[in-house]
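S.K.: output the structure for:
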Amino acid sequence: MSIVTDPKTGLIDGPFQKQLEALSRARSWYNWAGYAAPSTLDCVEFEYFALRNQASLFDISPLHKYRIKGEEANLMLNRLLTRDVRKIKVGRVAYAIWCNQEGMLIDDGTLFRLNDDNWRLCCQEPMLDWLLEAAWGYAVEITDESAEVAALSLQGPTSFSILSNAGFELDNTKPFDIYSDPTGVLISRTGFTGDLGYEIWCPKEKATQLWDLIWNSGSNWGLRAIGYDAVNIARVEAGFMTAGVDFMPVQSTEYLHRGQTPFELSLGKMVDFSKGHFNGRRALLNLKDKPRTRLLRLDVGGFKPSDSALVYHKKKTEVGHISSGIWSPTVKKSIALAHVKSQYCTSSALFAEIYMLKEGQWRRRMEKLSEIKSPFYAPPRAKQTPPLER
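M.R.: I've put the predicted structure just below:
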């Protein structure tokens with residue numbers, strides 16, 4: 001395997017680096033799993049509105065991708081994950097989380113059931129050592145496919161039309177379905193934006209061919225390549241958390257008690273105690289009614305982003321912090337994800353302490369917080385099959 005490293009950044013070139021560099025005016029790159037990934041290619045505003053109003057193409061190849069197969073793959077996964085994988089049908093994708101023995105979240109990801117005993121797990125954090133340890137004693141084979149599989153996220157109202165124009169027949173592909181093309185391309189109706197969208201997977205050696213096909217097919221549908229800054233706005237609008245920002249994977253924490261349980265991250269529905277034993281089950285049974293904090297979706301008063309703001313009860317007692325806060329261009333509100341101490345979660349007297357720099361001086365604002373139970377933005381097209389908007 002040949003790996004090219006950019007001497008300017010010390011980061012690895014991904015399978016679509018040539019195409020991304022040709023489109024990059026901002027020259028704004030960041031480290032994603034050792035790869036040079038774009039924060040923005042042109043302008044975050046243009047990229048965001050392309051995602052919400054047209055279509056956007058985002059390179060997700062740096063995701064860690066693991067193949068799990070064998071006659072006991074289902075048993076091994078059910079022992080590792082908190083959900084019951086037996087309920088996931090072949091040709092479907094499911095959101096999954098897994099914990100350590102203390103019931104603290106290690107990571108989250110998407111689990112693809114390719115056939116009866118053949119799965120792919122995609123996640124943010126490197127998990128090979130953990131998966132190999134979890135597979136001990138099972139008739140199962142774990143393969144790290146991270147460097148061998150290229151992937152693109154195509155999101156937005158015209159994404160279905162672009163793929164149809166490219167020759168893919170997705171009329172009956174429902175959310176979380178998997179479509180397999182005879183050419184070896186795999187398409188899942190998944191994404192990190194809460195919008196209509198697809199993730200497209202192919203062998204690394206076919207990456208250029210895949211890019212050209214999608215890019216040329218999107219020429220009449222407003223397709224724009226984007227960086228992570230635009231995706232980040234969309235994922236907060238969808239109410240999605242991200243590792244290292246809204247929760248710390250427990251193996252990455254440096255201090256004691258910084259891990260969090262699924263119940264503290266509002267993921268209680270992902271824990272199936274009825275399926276039998278799984279990693280962390282005993283601890284979670286004891287902790288399920290004792291969450292120290294909860295992750296809330298919050299409407300923030302005013303119009304200033306509240307990222308990293310502290311949360312106060314009655315403007316006096318510090319009771320939490322905001323992990324992700326943005327001004328939503330679509331919702332036209334300041335919105336946030338925040339960790340709040342459990343005893344204050346139902347209070348109507350929560351405020352964010354926001355500091356604004358204006359004309360060289362910092363100004364302090366205490367803005368009212370209101371919990372939002374549903375995603376901030378959830379367009380109907382995200383669930384329509386076939387999508388009606390073209």
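
S.K.: name the residues of the host helix or strand of residue 38 that are buried.
M.R.: Per DSSP states H and E: residue 38 is located in strand 35-40. Neighbour-count burial for strand 35-40, counted by 16 or more other C-beta atoms under 10 Å, picks out 35, 36, 37, 38, 39, 40. Where you see a C-beta, it was placed from the backbone N, CA and C, and this is true even at glycine.

S.K.: nearest residue to the second one other than its sequence neighbours?
M.R.: Residue nearest to residue 36 in three dimensions, not counting chain neighbours: residue 11, with 3.9 Å by C-beta to C-beta, 6 or more residues apart in numbering.

S.K.: domain parsing of this structure, as residue ranges.
M.R.: Listed by automatic domain parsing, the domain ranges of the chain are 17-62+147-237, 65-144, 292-374.

S.K.: so which of those is nearest residue 259?
M.R.: domain 65-144 (3.0 Å; C-beta to C-beta).

S.K.: and the residue nearest to residue 96 when sequence neighbours are not counted, what does it touch?
M.R.: Spatial nearest neighbour of residue 96, excluding adjacent residues (C-beta to C-beta, 6+ apart): residue 111 at 4.4 Å. Counting by C-beta atoms under 8 Å, 6 or more residues apart in numbering, residue 111 makes contact with 77, 81, 85, 88, 93, 94, 95, 96, 119, 120, 121, 122.

S.K.: for residue 111, give its distance to residue 81.
M.R.: 7 Å (C-beta to C-beta, to the nearest Å).

S.K.: shared neighbours of these two, anything?
M.R.: If you check residue 111 and residue 81 against C-beta under 8 Å, 6+ apart, the residues they both contact are residue 96.

S.K.: can you redo the domains of the chain as a markdown table with distance to residue 274 and mean pLDDT?
M.R.: Output for the domains of the chain, formatted as a markdown table (distance: least, C-beta to C-beta, whole Å; pLDDT from 0 to 100):
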| stretch | distance to residue 274 | mean pLDDT |
| --- | --- | --- |
| domain 17-62+147-237 | 22 | 97 |
| domain 65-144 | 8 | 97 |
| domain 292-374 | 23 | 96 |
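
S.K.: out of the ones you listed, which comes closest to residue 267?
M.R.: domain 65-144 (6.0 Å).

S.K.: endpoints of that closest one, how far apart?
M.R.: 6 Å (C-alpha to C-alpha, to the nearest Å).

S.K.: now swap in stretch 300-307 and tell me
M.R.: 11 Å.

S.K.: just give me the closest of the buried residues of strand 35-40 to residue 341.
M.R.: Distances from residue 341 to the buried residues of strand 35-40, taken by C-beta to C-beta, are shortest for residue 39, at 32.9 Å.

S.K.: wait, the closest one sits on residue 226?
M.R.: No - assessed by C-beta atoms under 8 Å, residue 39 is found out of contact with residue 226, at 10.1 Å.

S.K.: using CSV, please lay out the domains of the chain together with distance to residue 282.
M.R.: Below are those laid out as CSV (distance: least, C-beta to C-beta, whole Å):
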stretch, distance to residue 282
domain 17-62+147-237, 30
domain 65-144, 8
domain 292-374, 18
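
S.K.: out of the ones you listed, which gets nearest to residue 273?
M.R.: Closest among these, using C-beta to C-beta: domain 65-144, at 9.0 Å.

S.K.: tell me how far the residue nearest to residue 36 lies from residue 62.
M.R.: Counting by C-beta to C-beta - residue 11 and residue 62 are separated by 10 Å.

S.K.: equivalent analysis for residue 93, please.
M.R.: From residue 93 to residue 62 the distance is 19 Å (C-beta to C-beta).

S.K.: likewise residue 326?
M.R.: Taken as C-beta to C-beta, the span from residue 326 to residue 62 is 23 Å.

S.K.: picking that back up, quick check: which element contains the residue nearest to residue 96?
M.R.: Going by DSSP H and E, residue 111 is part of strand 105-115.

S.K.: one more: residue 339?
M.R.: Assigned by DSSP H and E, residue 339 falls in strand 333-341.

S.K.: what pairs with that strand, and is each one parallel or antiparallel?
M.R.: Strand 333-341 has its sheet partners listed here by DSSP bridges as strand 293-300 (antiparallel), strand 317-328 (antiparallel).

S.K.: which among the buried residues of strand 35-40 gets closest to residue 211?
M.R.: Closest to residue 211, out of all of these and judged by C-beta to C-beta, is residue 38, at 14.2 Å.

S.K.: partners of that closest one in the sheet?
M.R.: residue 29.

S.K.: chain neighbours aside, what residue packs nearest to residue 251?
M.R.: In space, residue 251 is closest to residue 106, 6.1 Å off (C-beta to C-beta, 6+ apart).

S.K.: got a markdown table for the buried residues of strand 35-40, with distance to residue 264 too?
M.R.: What follows is the buried residues of strand 35-40, written out as a markdown table (distance: C-beta to C-beta, whole Å):
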| residue | distance to residue 264 |
| --- | --- |
| 35 | 31 |
| 36 | 34 |
| 37 | 29 |
| 38 | 33 |
| 39 | 30 |
| 40 | 33 |
